[in-house]
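Student: I would like to see how this sequence folds:
(chains A and B, ligands or ions: 1)
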Amino acid sequence: MIAPKSLFKRDSAINAADVPRRTFVRNALHGYEVKRDLNKAKFQDWQSARETASEIKFEGINHLDKYLAEFAKNAEARGTKVFFASTPTQAREYIINLAREKNVRSIIKSKTMTSEEIHLNDALEKEGFGVVESDLGEFIQQLRNEPPYHFVFPCMHLKRDEISQLFHDKIGSAQTDSPEELTMIARRFLREKYIQADMGISGANFIVAETGMISVTENEGNARLTTSLPKIHVALVGIEKILPKLEDLSLFLPMLGTAGAGQLMTGYNTMFGGPRQPGETDGPEEFHVVLIDNHRTELLADAEQRDALHCIRCGACLNVCPVFKNIGGHTYGTTYAGPVGSVITPHLRGLQDWKHLSGASSLCGACTEACPVKIDLHHHLLQNRRNAAAEKPVWWEKSLWIGFALLMRQPTLYYWLTKTAPIAQFFHPLVKGSILDPMQAWTRTREFPMSATTTFKDYWKQKKKQGAR
Amino acid sequence: MSSPSTADSRDALFARIREALANPAISHAHEHPVHPANVTPEATLSQWLPAVGATFEEQLDLFARNSVDLKTEFKVVASAEEAAAHLNALATENKWTKVATHRGSINDAVAAQLTTPVYRVDDQFDKVQLETCDAGITECEALVAQTGSVCLTAPSSGGRSLSVLPPHHVVLARRSQLIADLPAAYALLKTKYGAKGYPSFISFTTGPSRTGDIERILVLGAHGPKKLTVLLLP
Ligand code: SF4
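Tutor: Residues are numbered from 1 along each chain as shown, chains lettered A, B, ... in the order given. Below you'll find the predicted structure:
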C-alpha cells in the first residue's frame, strides 16, 4: 500500500504533464464560469445572500442535535423511517438488511456522494444485489469502474469518443460522436432498469427540520424516477445537510444551482416528506432516511473549522481552483476533491495521512471567494498545516528553522554567507536537478534565481564613498 | 425493521454531537449584520434573490423570458378549447398515440376535447402502461416567475410519475397560479398544507430534463421529459 502522500505526488506529476486533458478541463470550467456570472448578476445582492445562507447554516450546524431531533420527529410522524448511523458499516448493514428483508432483486441509484464515501455499491454487489447508477455521469463512471472525477460533474474529464468506445464495449451500442446520441443510448438502457427496480437509493442536498423532508437537486430527472417507481426509497444523507426551515430552501436552491452549475435553478428540486400518503396515486410504500456521521462529529468538535460543515457540495470551489484544474480530481485520492476535500479529509480520515493536501495550495483564496456559504476555506488549509506541525513536528523542518534563526541573529555569519552564495551557485549546475541537489524539488522543473554579487550593504557603502545621497 | 441497535446508535450519535458542540464557534458570516439572527421571514430572503416585477404583466413577461432560456414551450391561451386545440396540433405533429392525465378541473375540461386516447392515473395505475404514453398532462400548484419553475405536488399533479415518465410533460395552469418568487411559493405551500400536513412529493420543475455530463454540452431529455409545455389558461 503506497502512502496517500506519495500517490498524490506521483499522480500530480503525471496529470500536470497531461496538457491536452488539462486544457480540455479548463475550457469546460470556463464555460461554467461564464454562465455562473450571468446568473449571479441576476441576484439583487449576491453577497448578502451568501451571508444569510452562511448564517442559516451556522444556526443549523451549531444546534445540530436540536434540529436532527426535530427532523426525525417530523419525518417519523409522516411514516418515514429514520436511522442514525455512526459508521459506514452500520449504514451498509441497515441498507443490506432492508434489501434482504424485502426480497429486493435490483436497485437503481441516483447520485449520492455519501454512498461513494461508504462504498455502498461494492457492499451491495457482494451481497448479490444488482446496482445501477442512473445519473449519466455516474453511470459512465460505474461502467469505467472509476470513482467520480468531480463530485458535481462526475465525468467531465472524458471526451465523447472515449464515452462512445466505453458504451460500445460495455453495453454494445454503435459508435457515435454526438453527445445527444450518447445520452439517448444511456436513456434507453436505463429506462427498463427504473421499471424493474424494487429499491431506489438517492442522496439529499438538504434535510429540513421543520417539516421532516429531504430535498434532492438534479437536472436529469433520474432522481425523480428513482424515487417514484420502486416500492422502497432509501435516502443516504450526511448529518450536516440540515436546514432549520422549509422556506430556507427558497434561498439555497437558487444559490446551489448558480454556484454549482451556473443555472439559476437546477432542473428538478424535489422535496420528499414521506412514503406515498393516503390519497396519493403513487410513490414508494416505504421511505427510509439513513443519516450518517462517519467522522463528521470530529469536524464538528473543531470550533475553528466547524463552518466546513456548512458545505452544500456545490463544487464551486473546485471549479475555480488552480490546483484542481492542473492535477485533476482523481489525484486527490479522496471522495471529495478540491479545496473543500483538502480541508475536510484530514478530519474525516486522519490529519497526518492527509495533511499534504493542505500543503498543496497556493492559498490564492479563489475557493473562499467562490463559496456560496462563505466557508473560510483557504484559512482552514493554513490551520490544518499548523495543527499537523503542532501535533507531529517534522525534525528536519524544525532544525532548518533553528539554523535560519541562528543565521539571522549573526550579522557576520550572514554577511559571510551572502558572499559565498554566488560561489556556491557557480558550481550548482554540476548537481542541478539531480538527487545530490539539496534544492532538487524546486530546481527539477524551475530555475533558481541568481544571487547578487554585491550586497546592499556594500552597495550603500560604495555610494556613500562616492558622495551620493 | 428496527434492529435492537437502532435506538442505541441514535443515542450514541446525539451524545457525540452534544459533546462536540460544547465548544462554541464564532460566526464570521457577516461583519455588518444584515438581518436579525435566526429569523428568515420571506421578505428578507426576497430582497437578495433575483428581482421580479410587481405587476402581473411584468411577472408574466419574466416567466415567458425564463421559459425561452430554459427551452420550455410557454403559451398563453384564451380557453380550454384553445388549449385542447394546441395539444391536438402537438399530437399530430409528434404522432402521439396515447396521453396520460389525472383528474382535475382544468384537465377534465381539456381532456374531453382531445383527439388522442387518454390514460387516467387517478387511482391505481400500471407504470408499464404509463411508460408507453407519449405525453403526461398535469396541473400544478403554481408557476414561479422568478425562475420559470413549475411547482408540482402529489395532490395537484397526479402523483410523482405522471410528470416525469412520459417523454413530453404538459402543464395546464390558470393565470391566478402565477406567483412572483420562490419565497412566495413556499409561503403558498405553507398556507395550503402547513396545518393539515404536506404532500409526500413537492417539486420545482425548471425546464425539460437536461444533462451536460458529456463535455458539458447541453442535451435535453436525459431521463425525464425531453419537452415541457406550459399552457396558461384564464
Ligand atoms: S466548500 Fe463552498 S464552494 Fe466548496 S463545495 Fe462546499 S459549498 Fe461549494
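
Student: contacting residues for B:Thr101?
Tutor: B:Asn107, B:Ala111, B:Val118, B:Tyr119, B:Arg120, B:Val121, B:Gly136, B:Ile137, B:Thr138, B:Gly158, B:Leu162 (C-beta atoms under 8 Å, 6 or more residues apart in numbering or on different chains). Using the backbone N, CA and C atoms, a C-beta is placed for each residue, glycine as well.

Student: and chain A, which of those reach it?
Tutor: Restricting those to those near chain A by C-beta under 8 Å from any C-beta of the partner chain leaves B:Val121, B:Gly158, B:Leu162.

Student: if we can go back for a sec, most surrounded residue in the contacts of B:Thr101?
Tutor: B:Ile137 (30 neighbours; other C-beta atoms under 10 Å in any protein chain shown).

Student: can you list the ones next to chain A among the contacts of B:Thr101 in TSV and add secondary structure, pLDDT and distance to A:Glu247?
Tutor: Listed next are the ones next to chain A among the contacts of B:Thr101 as TSV, based on DSSP: H, G, I helix; E, B strand; the rest coil; pLDDT from 0 to 100; distance: C-beta to C-beta, whole Å:
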residue	secondary structure	pLDDT	distance to A:Glu247
B:Val121	coil	93	31
B:Gly158	coil	96	26
B:Leu162	coil	97	27
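
Student: Which one of the residues you listed is nearest to A:Val340?
Tutor: B:Leu162 (37.9 Å; C-beta to C-beta).

Student: Touching, the closest one and B:Glu131? I think so.
Tutor: No. If you go by C-beta atoms under 8 Å, B:Leu162 and B:Glu131 don't touch, sitting 11.2 Å apart.

Student: So which of the contacts of B:Thr101 sit within strands?
Tutor: Residues of the contacts of B:Thr101 located in strands (DSSP state E): B:Val118, B:Tyr119, B:Arg120, B:Gly136, B:Ile137, B:Thr138.

Student: Now for the fourth one: which residues touch it?
Tutor: If a contact means C-beta under 8 Å, 6+ apart, then B:Gly136 has B:99-101, B:130, B:158, B:162-166, B:168-170, B:225 as its contacts.

Student: most surrounded residue in these?
Tutor: For the contacts of B:Gly136, the largest neighbour count, defined by other C-beta under 10 Å, is 31 neighbours, found at B:Ser163.

Student: Hmm, that residue is touching B:Ser157, no?
Tutor: Yes. With contacts counted by C-beta under 8 Å, B:Ser163 reaches B:Ser157, the gap being 5.5 Å.

Student: anything in contact with each of these two?
Tutor: Common neighbours of B:Ser163 and B:Ser157, using C-beta under 8 Å, 6+ apart, are B:Thr138.

Student: Quick check: the residue nearest to A:Leu225 when sequence neighbours are not counted vs A:Ser6, distance?
Tutor: Closest residue to A:Leu225 apart from its sequence neighbours, by C-beta to C-beta, 6 or more residues apart in numbering or on different chains: A:Tyr194 at 4.7 Å. With distances taken as C-beta to C-beta, to the nearest Å, A:Tyr194 is found 43 Å from A:Ser6.

Student: who has more neighbours, the two?
Tutor: Neighbour count, other C-beta under 10 Å: between A:Tyr194 and A:Ser6, A:Tyr194 has more, with 24 against 10.

Student: Could you double-check that A:Thr112 lies in contact with A:Gly200?
Tutor: No. Using C-beta under 8 Å, A:Thr112 is not in contact with A:Gly200, being 11.0 Å away.

Student: Show me chain A divided up by domain.
Tutor: Residue ranges for each domain of chain A read A:43-294, A:410-468, as given by automatic domain parsing.

Student: most tightly surrounded among the ones you listed?
Tutor: Among those, domain A:43-294 has the highest mean neighbour count (mean count of other C-beta atoms under 10 Å in any protein chain shown), at a mean of 21.

Student: residues touching A:Thr227, list them.
Tutor: Contacts for A:Thr227 (C-beta under 8 Å, 6+ apart) come out as A:Ser110, A:Gly200, A:Ser202, A:Val216, A:His233, A:Thr270, A:Phe272, A:Gly283, A:Pro284, B:Arg160.

Student: shaky segments in the stretch 51-200 of chain A?
Tutor: Scanning the stretch 51-200 of chain A for pLDDT under 70 picks out no residues.

Student: Against chain B, how distant is the closest residue to the ligand within it?
Tutor: Distances between the stretch 51-200 of chain A and the ligand by C-beta to the nearest ligand atom are smallest at A:Phe151, namely 7.7 Å. Per C-beta to the nearest C-beta, to the nearest Å, A:Phe151 is found 13 Å from chain B.

Student: One more: A:Val373?
Tutor: 9 Å.

Student: so what does the longest helix along chain B touch, helix or strand wise?
Tutor: Using DSSP state H to define each element, chain B has its longest helix at helix B:5-21. Contact here means 3 or more C-beta pairs under 8 Å, 6 or more residues apart in numbering or on different chains; DSSP states H and E; on that basis helix B:5-21 packs against helix A:64-77, strand A:81-85, helix A:296-301.

Student: which residues touch the residue nearest the centre of chain A?
Tutor: Closest to where the C-alpha atoms of chain A average out (C-alpha atoms, centre = their mean) is A:Tyr336, at 3.1 Å. Residues in contact with A:Tyr336 (C-beta under 8 Å, 6+ apart) are A:Met113, A:Phe151, A:Arg313, A:Ile344, A:Thr345.

Student: The stretch 351-469 of chain A: helices as residue ranges?
Tutor: A:351-359, A:366-370, A:377-391, A:395-409, A:411-427, A:440-443, A:456-465 (DSSP state H, counting those that start in this stretch).

Student: Relative to chain B, which of the ones you listed is closest?
Tutor: Evaluated with C-beta to the nearest C-beta, those place helix A:377-391 nearest to chain B, the distance being 9.6 Å.

Student: Tell me which of the domains of chain A sits nearest to A:Asn387.
Tutor: Shortest separation from A:Asn387 across these is recorded for domain A:43-294, at 20.1 Å, computed as C-beta to C-beta.

Student: would you turn the contacts of B:Thr101 into TSV with distance to A:Glu391?
Tutor: Output for these, formatted as TSV (distance: C-beta to C-beta, whole Å):
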residue	distance to A:Glu391
B:Asn107	65
B:Ala111	69
B:Val118	69
B:Tyr119	65
B:Arg120	66
B:Val121	60
B:Gly136	58
B:Ile137	63
B:Thr138	58
B:Gly158	58
B:Leu162	57
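
Student: sorry, back to before: between the contacts of B:Gly136, which is nearest A:Glu133?
Tutor: A:Glu133 lies nearest to B:Val164 out of the contacts of B:Gly136, by C-beta to C-beta, at 18.1 Å.
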